[in-house]
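[1] generate a structure from the sequence data that follows.
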Amino acid sequence: MSAAVSEQKDDQAAGRMAKALRESAFAGLVTAGLSFPILALRAEPDIRNQLQLQPRWSWLVTAVLLVASARFLALMLDTVRARALAAAGLLLCAFGFGSAWFSPLATASLIGGTILAGLICIGAGFFVDRSHIRKSGPGLLARFAASPAGQTLTSSGAWVGIGMLVAFPLVMLGWLGPAGSLKWINNYGVQILIFVMLGWGLNIVVGLAGLLDLGYVAFYAVGAYSYALLATTFGLSFWICLPLAGILAAFWGIMLGFPVLRLRGDYLALVTLAFGEIIYLVLINWVDLTNGEAGISSIPRVTFFGVTFYDEKGGFSDLFGLPYSPIYRTIFLFYLILFLALLTNFATLRLRRLPIGRAWEALREDEIACRSLGINTVNTKLTAFALGAMFGGFAGSFFAVRQGFVSPNSFTFIESATILSIVVLGGMGSQIGVALAAVVMIGGTELLRELDFLKQLFGQGFDPTQYRMLIFGLAMVVMMIFRPRGFISTRSPSIFLKERKAVSSEFVGQGSG
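    Below is the predicted model:
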């Protein structure tokens, strides 16, 4: 009986999504037909004072997309609050794109910030719409995502998203030029992807295995200092040091795992927190090895398989006949961290379907039941700590080669808190949720640097970045009230009978270590 009801709900979700897409497309076509002579064409006098029709396709495209998007959101959302948030987000996106197309005075910061704020509002509308039915099980979008049509659309959407990420630096370079695109590719693209990778690494420990880790930044530091010391002392290249940094971080993950095998809950959190602080103090006080608080500088830069990015003969620019610009190194770093992040995601998804991945989830749900089934909880915990630490070491090695300088101040407890917050806000165990939370938290922090117009309201001494932690704290409180299980509150089962169905987060254990 319940299976029939679930199938009926899935069919309803798929039918509603198809209806929304069909009616939004029809609304867009009607808008195009009605507004074509008014928006797409404009009569302008030429030099002989004769009227000539000038095309304005951007106006028509904007109107069609705006109406179609509004119709789609109106059909997909049920509550008034959700529709209000989505409408505000749609207006912000329209303002951002309109500024980009029609206003020559609009800055890239204003355009990007407005569009990002609009997308966040639209996403918040969907989350609010789903929150009022979370106690009754998966919502409409979750049921659609679990249906066969939703699985196909999700898979296609993933490839579209990867394609957009691959095109992002090239689009920004062509739009803003080398000087203008550097900030967006480096401060936004690369920085966000680093924390996406760190969040996915910690998600193995916290989200899948249910082991609360407050010292994850220690493995990040081990990876960074491993590359810095091996490169500056022995002259090893980044490509050799990258796997070594991961192996060393995994070793320290195992070293942390042994003492905490019998610890759970708050005690596990305290020990992992202490481990992170121990690593931080060692980096400060072992001056002969780490150079203390002065850090390690002059770390060799990454090369394109032996080809440097310097302005020299045989360099990247000279080899490919391009004018020298530091943007090429930044673009290469973007693709490098994108590859490492996708590798982390791919490995996590594959491991989750293997027996070790199901053992992690069994450990998260109930450790006693896990032992009664004959699962070796010692190996299960150690593999979770080791693999999570390994990906943290990879990210640390990339951080060192990107910065060219490492110091203990880059690996404080606030970094661990930020990474853990990304996992919790995104939804523990959800890969997509972690990525969305990283975009919101890290991208939002960087976006505060672009709000210089607020100085005209509050004075020249006003610095929006000083309120970063205040905004972050308020966001955490709001999330814990309305979305206690994170952005993505449903989980896709790693193993299922007959067909895959979304599982409400209310029925998924969060783990206590």
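[2] count the neighbours of residue 256 for me.
    When neighbours are counted by other CB atoms under 10 Å, residue 256 registers 23. No exception for glycine: its C-beta is placed from N, CA and C like everyone else's.
[3] right, and it touches residue 274 too?
    No - if you go by CB atoms under 8 Å, residue 256 and residue 274 don't touch, sitting 10.0 Å apart.
[4] how far away is residue 56 from residue 37?
    To residue 37, residue 56 is 11 Å away according to CB to CB, to the nearest Å.
[5] who's more crowded, the two?
    Between residue 56 and residue 37, residue 56 has the larger neighbour count (other CB under 10 Å), namely 16 against 9.
[6] need the contact list for that one.
    Residues near residue 56 by CB atoms under 8 Å, 6 or more residues apart in numbering: 39, 40, 41, 42.
[7] dump those residues into JSON lines; add distance to residue 242 as well.
    What follows is these, written out as JSON lines (distance: CB to CB, whole Å):
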{"residue": "39", "distance to residue 242": "53"}
{"residue": "40", "distance to residue 242": "52"}
{"residue": "41", "distance to residue 242": "56"}
{"residue": "42", "distance to residue 242": "56"}
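[8] can I have the buried ones of these as a ChimeraX selection?
    To isolate the buried members of the contacts of residue 56 in ChimeraX, using 16 or more other CB atoms under 10 Å:
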select :39,40
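[9] tell me the one of the contacts of residue 56 nearest residue 260?
    Using CB to CB, residue 39 comes nearest to residue 260 of the contacts of residue 56, at 64.1 Å.
[10] and that closest one, its phi and psi?
    Dihedral angles of residue 39 (phi, psi; degrees, to the nearest 10) stand at phi -90, psi -40.
[11] same question, residue 235
    phi 70, psi 30.
[12] what's the closest non-adjacent residue to it?
    What sits nearest to residue 235 in space, not counting adjacent residues and going by CB to CB, 6 or more residues apart in numbering, is residue 300, at 7.8 Å.
[13] could you measure from the closest residue to residue 79 other than its chain neighbours over to residue 80?
    Take residue 79 and drop its neighbours on the chain: the residue closest to it by CB to CB, 6+ apart is residue 129, 5.4 Å away. For residue 129, the distance to residue 80 equals 10 Å [CB to CB].
[14] out of these two, which sits in the more crowded spot?
    More crowded of residue 129 and residue 80, by other CB under 10 Å: residue 129, with 22 against 9.
[15] so the more buried one is in which element?
    helix 108-131 (DSSP states H and E).
[16] burial check on residue 475, number of neighbours?
    15.
[17] centre of the chain versus the helix or strand hosting residue 59, how much separation?
    Assigned by DSSP H and E, residue 59 belongs to helix 57-76. How far helix 57-76 lies from its chain's middle: 27 Å, per CA atoms, centre = their mean, to the nearest Å.
[18] what comes up buried for it?
    By neighbour count on 16+ other CB under 10 Å, the buried set for helix 57-76 is 59-76.
[19] repeat for stretch 301-316
    302, 303, 308, 309, 310, 315, 316.
[20] so what touches it?
    Under the contact criterion CB under 8 Å, 6+ apart, stretch 301-316 has outside partners 237-239, 317-319, 322, 324, 326, 328-329, 332-333, 336, 401-402, 404.
[21] please, a PyMOL command that selects the buried ones among the residues you listed?
    Selecting the buried subset of the contacts of stretch 301-316 in PyMOL, with 16+ other CB under 10 Å as the burial test, is done by:
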select buried, resi 237+238+317+328+329+332+333+336+401+402
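[22] helices - which of the contacts of stretch 301-316 land there?
    Using DSSP state H, 238, 239, 317, 318, 319, 328, 329, 332, 333, 336, 401, 402 are the members of the contacts of stretch 301-316 that sit in helices.
[23] correct me, but the first one touches residue 404?
    So the one you mean is residue 238. No - here residue 238 lies out of contact with residue 404, judged by CB under 8 Å, at a distance of 11.5 Å.
[24] tell me the pLDDT at residue 506?
    pLDDT recorded at residue 506 is 53.
[25] go on, the one 5 residues further on?
    According to the per-residue confidence, residue 511 scores 48 in pLDDT.
[26] okay, which residue is most central for this protein?
    residue 435 (2.6 Å; CA atoms, centre = their mean).
[27] ok, and the closest non-adjacent residue to that one?
    That would be residue 196: by CB to CB, 6+ apart, it lies 5.1 Å from residue 435.
[28] what's in contact with stretch 31-51?
    52, 53, 54, 55, 56, 57, 59, 60, 63, 64, 67, 68.
[29] then stretch 413-425?
    For stretch 413-425, the external contacting residues (CB under 8 Å, 6+ apart) are 195, 198-199, 202-203, 206-207, 213-218, 220, 273, 276-277, 280, 433-434, 437-438, 440-441, 472, 475-476, 479, 486-487.
[30] point out where the stretch 151-300 of the chain drops to low pLDDT.
    151-157 (pLDDT under 70).
[31] before we move on, the earlier item: pick out whichever of the buried residues of stretch 301-316 sits closest to residue 225.
    residue 302 (16.9 Å).
[32] helices of the stretch 201-350 of the chain, start to end?
    Ranges of helices in the stretch 201-350 of the chain, per DSSP state H, counting those that start in this stretch, are 217-234, 238-257, 265-285, 287-290, 316-320, 327-353.
[33] out of those helices, nearest to residue 169?
    Comparing those by CB to CB, helix 327-353 comes nearest, at 4.6 Å.
[34] so which bits of the closest one are buried?
    Residues of helix 327-353 classed as buried: 327-334, 336-338, 340-342, 344-345, 347-348, 351-352 (neighbour count, 16+ other CB under 10 Å).
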